[in-house]
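Undergrad: predicted model follows, preceded by the sequence.
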Amino acid sequence: MSKQKICIIYTGGTIGMKRCSNGTLCPPDDPEDFLRVAPDLNNFVYFDLVKLLNKDSTNINHYDWKKIAIAIYERRNMGYDGFVVAHGTDTMHFSASAVAFALGKNLNFPVVFTGAQTIPEVTHGDARINLIRACKVATTDLAEVVISFGEFVFRGCRAQKKDERRFDAFHSPAYYPLAYITEEIIIQPSAFLRKKIDKDIEIDLEADFEDGVAQISLIPGLEPDLVKPILESKLCKGVILQSFGAGNVPHEIPYTFHGIIEEAKKHYKPVIITSQFPANATLHTSYEPGIAAVKAGAIPTGNMTNACAIAKFRWILAQVNRLINNNKKKESQRISIVKKMMQTIYVGEMDEA
């Protein structure tokens, strides 16, 4: 069987790190060094390496999401069967979600994010095997952004990190894995697959992500006045309330957040509600605190993961702000447009309402 060709995009993370003289883990001097962990890649694929970034994923930001998406988009017609993005685990699920939205529903090849819990020098670690498996997944008929980690392949916008040390670092709390890695890659019916067409459907790239998004993780007894300065800042363009349970937000005085939601609405700053437990859809809450928050003007996010909702929110705000700045829409329409787009499914990121 002829070997397929993939593009490996290196952005940093533990998968390529080395142990420095002082004992800390740090990025390699040359990102190409990380390929030495898996010399046997050449046995089953041809590959090119793009040294895009060299960061601990803690420092990855929404401008880096755009760089990754554009790097893939620019190489989409260069004969690659798929792409692998080597990335740190701490924010991989954010980046995978963002790139999924940026490349959109017309993506017709696999984009596979992977990383490692151990540096390459750990011989029993997961750096080598995860990279090899990700490259194998990139040669399949998948046609979406995924995370390949351990024995599983997850939809990128459905995954979240669950453990800092174990080799099964990711899970998909509200959706089944798209594939299982055995001797063969066993792809499930729920996966998006390459379309059998003579000419690739053109990707409609939307790679901008808005600044000025603040997330407030709710805790018992959090005073709303602590949050008001954020809302009043000119830098703030949208607020995320990470709620208890299925979208529940405190509504009893003096800890009610309804005033914050209503004040944000007056300034055309959308407020979305995410959950710490995405398997419980914020669209379907039957509890009074959740229903009251939506009535006050907050936007539910279904059963999206928190990371996915953040990426989607930034992505939508960039498009809506561009529409308004180009005078195609009125400022007063901002929240209603954001709400409609947040509740639209673009890349399989949440269940139907």
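TA: Nice, thanks for sending it over.
Undergrad: end-to-end on stretch 215-224?
TA: End-to-end distance of stretch 215-224 (CA to CA, to the nearest Å): 13 Å.
Undergrad: care to break this protein down by domain?
TA: 4-187, 213-342 (automatic domain parsing).
Undergrad: worst average pLDDT in these?
TA: Looking at the domains of the chain, the lowest mean pLDDT belongs to domain 213-342 (a mean of 88).
Undergrad: how long is that one end to end?
TA: 15 Å.
Undergrad: so where's the longest strand in the protein?
TA: Longest strand in the chain by number of residues (criterion: DSSP state E): strand 45-55.
Undergrad: to Leu205, which of the domains of the chain lies closest?
TA: Leu205 lies closest, by CB to CB, to one member of these: domain 4-187, at 5.0 Å. All C-beta atoms are positioned from the backbone trio N, CA, C, and that covers glycine.
Undergrad: and Ile201, which of the domains of the chain is closest to it?
TA: Of all those, domain 4-187 comes closest under CB to CB, at 4.5 Å.
Undergrad: ends of the closest one, how far apart?
TA: Across domain 4-187, first to last residue, CA to CA, it's 19 Å.
Undergrad: cool, and stretch 124-142?
TA: 29 Å.
Undergrad: still on that earlier bit, in the helix or strand following the longest strand of the chain, which residues are buried?
TA: The first helix or strand that comes after strand 45-55 along the chain, using DSSP states H and E, is helix 62-74. For helix 62-74, the neighbour count (16 or more other CB atoms under 10 Å) marks His62, Asp64, Trp65, Lys66, Lys67, Ile68, Ala69, Ile70, Ala71, Ile72, Tyr73 as buried.
Undergrad: the closest residue to Tyr80 other than its chain neighbours: how many residues sit nearby?
TA: Nearest non-adjacent residue to Tyr80, counting by CB to CB, 6 or more residues apart in numbering: Cys7, 4.6 Å away. Using other CB atoms under 10 Å, Cys7 has 22 neighbouring residues.
Undergrad: who are the contact partners of Cys7?
TA: Phe47, Asp48, Val50, Ile72, Arg75, Met78, Tyr80, Gly82, Phe83, Val84 (CB atoms under 8 Å, 6 or more residues apart in numbering).
Undergrad: burial measure for the last one, as a count.
TA: Under the neighbour criterion other CB under 10 Å, Val84 is assigned a count of 28.
Undergrad: try the second one
TA: One way to gauge burial is a neighbour count; for Asp48, by other CB under 10 Å, it gives 13.
Undergrad: now swap in the fifth one and tell me
TA: Summarising burial for Arg75: neighbours were counted as other CB under 10 Å, giving 15.
Undergrad: my read: Leu218 touches Val249, true?
TA: Yes. Using CB atoms under 8 Å, Leu218 makes contact with Val249 at a distance of 6.7 Å.
Undergrad: related to what we said a few turns ago, can you redo the domains of the chain as a markdown table with distance to Glu349?
TA: As requested, the domains of the chain are exported to a markdown table (distance: least, CB to CB, whole Å):
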| stretch | distance to Glu349 |
| --- | --- |
| domain 4-187 | 4 |
| domain 213-342 | 5 |
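Undergrad: nearest to Glu352, of the ones you listed?
TA: Per CB to CB, nearest to Glu352 of the domains of the chain: domain 213-342, 8.7 Å.
Undergrad: ok, Ile8 - how many residues close by?
TA: 24.
Undergrad: any idea how far it is from Arg322?
TA: Separation of Ile8 from Arg322 (CB to CB, to the nearest Å): 32 Å.
Undergrad: run the chain-centre distance for stretch 331-341.
TA: Centroid separation for stretch 331-341 versus its chain: 22 Å, with CA atoms, centre = their mean, to the nearest Å.
Undergrad: you'd agree Leu231 is in a helix?
TA: Yes. Remark: Leu231 belongs to a helix, assigned using DSSP: H, G, I helix; E, B strand; the rest coil.
Undergrad: doesn't Lys266 make contact with it?
TA: No. The pair Leu231 / Lys266 is not scored as a contact, 10.1 Å apart, by CB under 8 Å.
Undergrad: if we can go back for a sec, for Arg194, find the nearest of the domains of the chain.
TA: Nearest of these (CB to CB): domain 4-187, 4.6 Å.
Undergrad: next one: Arg165 relative to Gly16, how far apart?
TA: 19 Å.
Undergrad: comparing those two, which residue is more hemmed in?
TA: Neighbour count, other CB under 10 Å: between Arg165 and Gly16, Gly16 has more, with 28 against 7.
Undergrad: can you pull the contacts of the more buried one?
TA: Tyr10, Pro27, Pro28, Pro31, Asp33, Phe34, Asn54, Ala86, Pro120, Ala127.
Undergrad: between Leu218 and Val249, what contacts are shared?
TA: Counting by CB under 8 Å, 6+ apart, the residues touching both Leu218 and Val249 are Leu241, Ser243, Phe257.
Undergrad: which of these ranks first by neighbour count?
TA: Ser243 leads the shared contacts of Leu218 and Val249 on contacts (other CB under 10 Å) with 28 neighbours.
Undergrad: can you tell me the element that one falls in?
TA: Here Ser243 is assigned to strand 238-243, by DSSP H and E.
Undergrad: equivalent analysis for Asp90, please.
TA: Applying DSSP H and E, one finds Asp90 in no helix or strand.
Undergrad: pull the contacting residues for the residue lying closest to it once chain neighbours are set aside.
TA: Of all residues not flanking Asp90 in the chain, Ser57 sits nearest, at 4.7 Å (CB to CB, 6+ apart). Ser57 makes contact with Thr11, Gly12, Gly13, His87, Gly88, Thr89, Asp90, Thr91, Met92, Ser95, Gly115, according to CB under 8 Å, 6+ apart.
Undergrad: right, I'll call it a day here.
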